[in-house]
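**Q** Need a 3D model of the sequence below.
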Amino acid sequence: MADRGGIWSRGGVPVEELPDPFAPIPLPGTVGPGAEPEAPPKPRRSRRRVIFYSIAAVLLLTLLWLIVTAPLSRALEPLDDPALLLLSQEGRPIARRGAIKEAPVVASALDPLTTAAFVAIEDRRFHRHWGIDPRAIGRAMVWRIERAAALDKSGEAVDWTLAATRFGLALTAGSASDAELGFATINEARRALTPAFGKLDPSEFRRLGTGVEAALGNRPLPDNLIENERASMLAAVQRIQDSYRERRLGELVSQLGKDIDPAIDYLDKLRAEDPKERAQYFEDFATEAELWTAHYDQALHRNAQQRVNMPGPALKSDRPWRRFARHFFRSIEPLLAVRDECLARTRLLGLNALLLAECKANGAAPGSLTGLSKELTIDPYSGKELIYRPDGAFFLLYSIGEDFKDDGGETNQSGTAPDLRLEEL
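**A** Okay, the predicted model is just below:
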């Protein structure tokens, strides 16, 4: 029996029954000396791994579906023979039903000019656009309108005309060249609709009119165009300065033409001048860009008649960079007349559509333009209401045009002068 009161005890407990001070500390969750530790918790499956496996599974199923339903080998199989082939007495086919099947052609045996022609017609402007070709998109829309008009699908022609109008107006928020392309797209779309215009019913006329009104109401402000052109002008100044510093002015001559030779000669002589003179040259050059920006900002916010007596920018008399400025600072000027004509005829289109909808529905033209949106009724040449003269079930609608005079609707074959009217419907 153990001695609980002797020297071999601690607190009445024999030393052999005391816990071993050198034993390892048990892990949390253990019960005793022989107990097994709890199993560590299973790690949660990574969410990214689940997403990855899900996407991989979808791609695999898609690939299997394509292999079964659209095998690549099917594209290499020969075409089926025509279901019906009628021959003349000489044995020549004169009519067929089914695929047109000729002798097989090996691509490598084709004339190189043949493949080049295919590539050229598919994207003739490949090296001149930035991946998406707005010109090609606009032409595709116009083609849709022409095709719908030829097939007497007037509703579809209206839809594509409105889409092309919105697309063209959206382009006017870019540079001056983008805006010019946008106005050209709108004009081509309107002319493409002409053959189908007389076949529209009242609901289609009304949809066309309200659609044009909405497109004009949501068109970008001129501020976007101004800011983009300002950036373009200042970039041109920087480009010339870089060419001057790197002694590459000869490249500008090859790109812009011989008429900038005097400006190049001046820059060559400027190298011998005080560095402050050189810095002042480019500062004044950039200042002129700002002056033209302010001038065009005012011009784009005025109608054509208000621009007649509008003063130009206050430019310095001594402007050795003026030949450069003529190339880089005047791109908006020719755009103003294009914009006036496009807006006038687009408004005439929408207004004509709404008026014809009333004529067809009620048998008489409205007595006035009262109640119609100013997005359709304002003449961009005069800033006043377009000229409207109702006459029973008929009416006359036109703009005063570039001469700013009411000539009673008289116009030439193109409908542009002296008064401007919608193309012949």
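**Q** Can you pull out the low-pLDDT segments for the stretch 251-400 of the chain?
**A** Across the stretch 251-400 of the chain, nothing is flagged by pLDDT under 70.
**Q** Swap in 90 and give it another go.
**A** Low-confidence segments of the stretch 251-400 of the chain (pLDDT under 90): 251-257, 271-275, 317, 393.
**Q** can you pull out the strands in it?
**A** 387-391, 394-398 (DSSP state E, counting those that start in this stretch).
**Q** what separates the first one from the chain centre, distance-wise?
**A** By that I understand strand 387-391. In terms of CA atoms, centre = their mean, to the nearest Å, the centre of strand 387-391 is set 37 Å apart from its chain centre.
**Q** Which neighbouring elements make contact with that strand?
**A** Counting contacts by 3 or more CB pairs under 8 Å, 6 or more residues apart in numbering; DSSP states H and E, strand 387-391 is packed against strand 394-398. Every residue, glycine included, has its C-beta placed from N, CA and C.
**Q** Can you get me the centre-to-centre distance for the strand it packs on and its chain?
**A** With CA atoms, centre = their mean as the basis, the mean position of strand 394-398 lies at 35 Å from the chain mean.
**Q** That one: which residues count as buried?
**A** By neighbour count with 16 or more other CB atoms under 10 Å, strand 394-398 contains the buried residues 395, 397, 398.
**Q** Residue 191: neighbouring residues, count only.
**A** 14 (other CB atoms under 10 Å).
**Q** which element is it on?
**A** helix 176-197 (DSSP states H and E).
**Q** So which residues make contact with the helix or strand just after that helix?
**A** Sequence-wise, the next helix or strand downstream of helix 176-197 (DSSP H and E) is helix 202-217. With CB atoms under 8 Å, 6 or more residues apart in numbering as the test, helix 202-217 has contacts from 154-155, 158, 161-162, 165-166, 169, 200, 343, 346-347, 349-354, 356-357, 360-361, 373, 375-376.
**Q** orientation of the helix or strand that helix 202-217 is followed by relative to helix 176-197 in degrees?
**A** Per DSSP H and E, the first helix or strand lying C-terminal to helix 202-217 is helix 222-245. Interaxial angle of helix 222-245 relative to helix 176-197 (axes from the mean of the first three to the mean of the last three CA atoms, to 10 degrees): 140 degrees.
**Q** mind exporting helix 222-245 as PDB, just the C-alpha atoms?
**A** Extracted C-alpha coordinates of helix 222-245, given in PDB (Å, rounded to 0.1, in the frame of the first residue of the first chain):
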ATOM      1  CA  PRO A 222     -22.300  69.500 -80.700                       C
ATOM      2  CA  ASP A 223     -20.100  69.700 -77.600                       C
ATOM      3  CA  ASN A 224     -18.800  66.200 -78.200                       C
ATOM      4  CA  LEU A 225     -17.800  67.000 -81.700                       C
ATOM      5  CA  ILE A 226     -16.100  70.200 -80.600                       C
ATOM      6  CA  GLU A 227     -14.100  68.600 -77.900                       C
ATOM      7  CA  ASN A 228     -12.900  65.800 -80.200                       C
ATOM      8  CA  GLU A 229     -11.900  68.300 -82.900                       C
ATOM      9  CA  ARG A 230     -10.100  70.400 -80.300                       C
ATOM     10  CA  ALA A 231      -8.100  67.300 -79.200                       C
ATOM     11  CA  SER A 232      -7.300  66.600 -82.900                       C
ATOM     12  CA  MET A 233      -6.100  70.100 -83.500                       C
ATOM     13  CA  LEU A 234      -3.800  70.100 -80.500                       C
ATOM     14  CA  ALA A 235      -2.500  66.600 -81.400                       C
ATOM     15  CA  ALA A 236      -1.600  68.100 -84.900                       C
ATOM     16  CA  VAL A 237       0.400  70.800 -83.200                       C
ATOM     17  CA  GLN A 238       2.200  68.200 -81.100                       C
ATOM     18  CA  ARG A 239       2.800  66.100 -84.200                       C
ATOM     19  CA  ILE A 240       4.500  69.000 -86.000                       C
ATOM     20  CA  GLN A 241       6.500  69.900 -83.000                       C
ATOM     21  CA  ASP A 242       7.700  66.300 -82.600                       C
ATOM     22  CA  SER A 243       8.600  66.100 -86.300                       C
ATOM     23  CA  TYR A 244      10.500  69.400 -85.900                       C
ATOM     24  CA  ARG A 245      12.400  68.200 -82.900                       C
END
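**Q** And the contacts of helix 202-217, which of them are buried?
**A** Here, 16+ other CB under 10 Å leaves 154, 158, 161-162, 165-166, 169, 200, 343, 346-347, 349-354, 356-357, 360, 373, 375-376 buried among the contacts of helix 202-217.
**Q** So which of these belong to helices?
**A** 154, 158, 161-162, 165-166, 169, 343, 346-347, 349-354, 356-357, 360, 375-376 (DSSP state H).
**Q** Domain map for this protein?
**A** 130-217, 223-335 (automatic domain parsing).
**Q** just so I know, which of the ones you listed lies nearest residue 57?
**A** Among these, the nearest to residue 57 by CB to CB is domain 130-217 (32.4 Å).
**Q** Could you pull up the mean pLDDT of the closest one?
**A** The average pLDDT within domain 130-217 is 93.
**Q** Likewise for stretch 103-110?
**A** Mean predicted confidence for stretch 103-110 is 76.
**Q** That one spans what distance, first to last residue?
**A** With CA to CA, to the nearest Å as the measure, stretch 103-110 spans 13 Å from end to end.
**Q** Excluding chain neighbours, give the residue nearest to residue 367 in space.
**A** residue 390 (6.0 Å; CB to CB, 6 or more residues apart in numbering).
**Q** Please name the residues that touch residue 271.
**A** Counting by CB under 8 Å, 6+ apart, residue 271 has contacts residue 278.
**Q** ok, what's across the strand from residue 411?
**A** Residue 411 has the following beta-bridge partners by DSSP bridges: residue 418.
**Q** Can you give me the distance of it to residue 340?
**A** As judged by CB to CB, to the nearest Å, residue 411 and residue 340 stand 16 Å apart.
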